[in-house]
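1. Here is the input, now give the coordinates:
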Amino acid sequence: QVQLVESGGGLVQAGGSLRLSCAASGNIVTINNGNWYRQAPGKQRELVASITASGYTNYPGSVDGRFTISRDNAKNAVLLQMDSLKPEDTATYYCNLNVKTRSGSVLTVRDYWGQGTQVTVSS
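-> Predicted coordinates:
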């Protein structure tokens, strides 16, 4: 079993920065892809940023180069640096990791979700 713990959310003024962390623990062999999603009230959950095992990154949404996803393999963590924050970035942010685990001789690959961390940007 894998547990994901998110941290780093909070209240910040427009133009400010926050750094989100998603740390995984358990019988982890490797973390494959890592993703950050967000969901604002009344809106669908949207993909904000992705990073592959080799470090390739993708930002499919409207973050316009303001966000940077990275990974710390030594700590089994995926990070999201958010700069120049705007009020429209206000949402609950969720990490999603594709993780390979080992239980005895059995290897399993599946997705895990964090509990969500609130980011509020005031104007």
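2. element containing residue 80, please.
-> Secondary structure assignment for residue 80, by DSSP states H and E: strand 77-82.
3. Same check on residue 41?
-> Residue 41 belongs to no helix or strand, assigned by DSSP H and E.
4. returning to that earlier point: now the strand holding residue 80: how far from the chain's centre is it?
-> 6 Å (CA atoms, centre = their mean, to the nearest Å).
5. Quick check: next helix or strand after that strand?
-> Of the helices and strands lying after strand 77-82 in sequence (DSSP H and E), the nearest is strand 91-103.
6. Show me what that following strand is packed against.
-> strand 2-7, strand 18-26, strand 28-39, strand 77-82, strand 106-113, strand 117-122 (3 or more CB pairs under 8 Å, 6 or more residues apart in numbering; DSSP states H and E). To be clear about C-beta, it is placed using only N, CA and C from the backbone, and glycine gets the same treatment.
7. The fifth one to strand 91-103, inter-axis angle?
-> By that I understand strand 106-113. Relative orientation of strand 106-113 and strand 91-103, computed by axes from the mean of the first three to the mean of the last three CA atoms, to 10 degrees: 170 degrees.
8. which one of the helices and strands packed on strand 91-103 is the most hemmed in?
-> Neighbour counts (mean count of other CB atoms under 10 Å) averaged over each of these peak at strand 77-82, with a mean of 23.
9. Mind pulling the model confidence for residue 54?
-> For residue 54, the model assigns a pLDDT of 95.
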